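1. I would like to see how this sequence folds:
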Amino acid sequence: MSGPRPDQFHHLRVRANGLSFHVAEAGGGDRLALCLHGFPECWYSWRHQMPLLARLGYRVWAPDLRGYGESDRPTAVRDYAIETLMEDVAGLIDASGARETLLVVHDWGGIVGWFFALRKIRPLHRLVCMNIPHPGAALEAAGLRQRLRSWYVLFFQLPWLPERLLAGGGGKRVGRMLRQSARVPGAFDDADLEVFRFNATLPGAARAMIHYYRALLRGGFRRQISLGFPPIDVPTLLLWGTEDVALGIELTRPTPRYVPDLTLRLIPGVGHWVQQEAPEAVNAMLEAWLTNQPVPEAQPAGGAHG
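-> Residues are numbered from 1 along each chain as shown. Alright, predicted model coming up:
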C-alpha cells in the first residue's frame, strides 16, 4: 500500500531515560501524540496516522523504541524490564515539554502503554490501543487456544537461536512474517517491508527485540501482576482487527471492567497490523473519537481501504 515515506517526516534525536532515541516528528504545538510501535517494527508503523494527528493539532512523535532502529541499543536483558520501558515513555513525554499527552500504542508498545496508564507514571489526556489487550483482561480471558497461539513467547526464551532466525537471510523472515500474517492484500508493499527488514538487520537489533520478551517472562509480568489492575480512568479507544493470528478477539471482552471510559471498535477482515492494514478505517475512527464525534463502525472484509 502506498503511503508517506520516511523522508516525508522530520527526524530528530531525543535524550530520555539516559538513552538517545530516534524520533520521527510531524506537526507542532504543545499537545503531544506519542505513538509506540510493536514487534518487529519501528516508528514507520505509524506513517498513515502521523499526518492525521498533525492535522488535528498534535505534535506527533513516533520513536524507535529502545533497541529498535536508530535508537540506542543496550545489550542486557535487564535493560528491557517493563519498568525501564515505562520510564522511557516518561522521559520522552518530559523531553517534549507538552502540556497534554495522547498515547497511541500497538503490540509491544501497547504492553508498555497499558502498564504506563495503569501505574499513572505521567498524566495522560487520552489513550488509544490497537490490537493489544489490557493485561488484566488478557489474564482473565486467555484460554488454551490463546496459550497455543502465544507459543513464540516461550520460543523467544531460548538463547541466541530466536534472534539468529529473525535476522537471518538479510531480514527476509521479518518481511515474510508481516506480509503473510496480514489479512488485507497489499497492506505492505516492497518499500514498506524494506524499512522493517533493514531495521531488523542492524547490529544487535534482533537480540534487543527478543530481549523484550525475555525480560517480561523473567519477572516483569509477575511484578506487574502483583501490583494489581486498578481501573484506568483515562478515556480509552481500543481498536481491534478481528483476524489477528496472534491475539484472539476474546481478549477484548473483559476490558470494560478494567477501563470504565472505553470505546471499542472491531474491524472485520483485518489482522494484527491494524493501523497499517486498514489505515482509512483506523483514521476515521481515530479522528471521530478525538473530535468527540460518533465513532463509526468498520466495513467488513477490509472494505475500509476503498
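
2. got the CA coordinates for stretch 105-120 in PDB?
-> Taking Å, rounded to 0.1, in the frame of the first residue of the first chain, the C-alpha atoms of stretch 105-120 are listed here in PDB:
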ATOM      1  CA  VAL A 105       0.100   2.200  21.100                       C
ATOM      2  CA  HIS A 106       0.200  -1.100  19.300                       C
ATOM      3  CA  ASP A 107       1.500  -4.600  20.100                       C
ATOM      4  CA  TRP A 108       4.600  -4.300  22.400                       C
ATOM      5  CA  GLY A 109       4.200  -0.600  22.500                       C
ATOM      6  CA  GLY A 110       0.700  -1.400  23.800                       C
ATOM      7  CA  ILE A 111       2.000  -3.600  26.600                       C
ATOM      8  CA  VAL A 112       4.100  -0.700  27.800                       C
ATOM      9  CA  GLY A 113       1.300   1.700  27.200                       C
ATOM     10  CA  TRP A 114      -1.300  -0.200  29.200                       C
ATOM     11  CA  PHE A 115       1.000  -0.500  32.200                       C
ATOM     12  CA  PHE A 116       2.100   3.100  31.800                       C
ATOM     13  CA  ALA A 117      -1.600   4.100  32.200                       C
ATOM     14  CA  LEU A 118      -2.200   1.600  35.000                       C
ATOM     15  CA  ARG A 119       0.700   2.900  37.100                       C
ATOM     16  CA  LYS A 120       0.000   6.600  36.300                       C
END
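
3. and for it, what are the contacting residues?
-> With C-beta atoms under 8 Å, 6 or more residues apart in numbering as the test, stretch 105-120 has contacts from 35-39, 41, 45, 65, 82, 85-86, 88-90, 103, 122, 124, 127-132, 134-135, 212, 216, 224, 227, 229-230, 232, 234, 236, 272, 274-275. In short, each C-beta sits where N, CA and C put it, glycine included.

4. Of the residues you listed, which qualify as buried by neighbour count?
-> Among the contacts of stretch 105-120, those scoring as buried are 35-39, 41, 45, 65, 82, 85-86, 88-89, 103, 122, 124, 127-132, 134-135, 212, 216, 224, 229, 232, 234, 236, 272, 274-275 (criterion: 16 or more other C-beta atoms under 10 Å).

5. Poorly predicted segments of this protein, please.
-> Residue ranges of the chain with pLDDT under 70: 1-2, 300-306.

6. now with 80?
-> Regions of the chain meeting the criterion pLDDT under 80 cover residues 1-3, 5, 299-306.

7. Nearest to the spatial middle of it, which residue is it?
-> H106 (2.3 Å; C-alpha atoms, centre = their mean).

8. That one pairs with what?
-> M130 (DSSP bridges).

9. From G113, how far off is it?
-> Summarising the geometry, the distance separating H106 from G113, computed by C-beta to C-beta, to the nearest Å, is 9 Å.

10. Likewise for P296?
-> For P296, the distance to G113 under the criterion C-beta to C-beta works out to 23 Å.

11. between those two, which one's more packed in?
-> Neighbours of P296 and G113, each counted by other C-beta atoms under 10 Å, are more numerous for G113; the result is 26 against 14.

12. Count the neighbours of the closest residue in space to the more buried one that isn't next to it in sequence for me.
-> Here the nearest residue to G113 in space, its sequence neighbours aside, is V105; by C-beta to C-beta, 6 or more residues apart in numbering that works out to 3.4 Å. One way to gauge burial is a neighbour count; for V105, by other C-beta under 10 Å, it gives 25.
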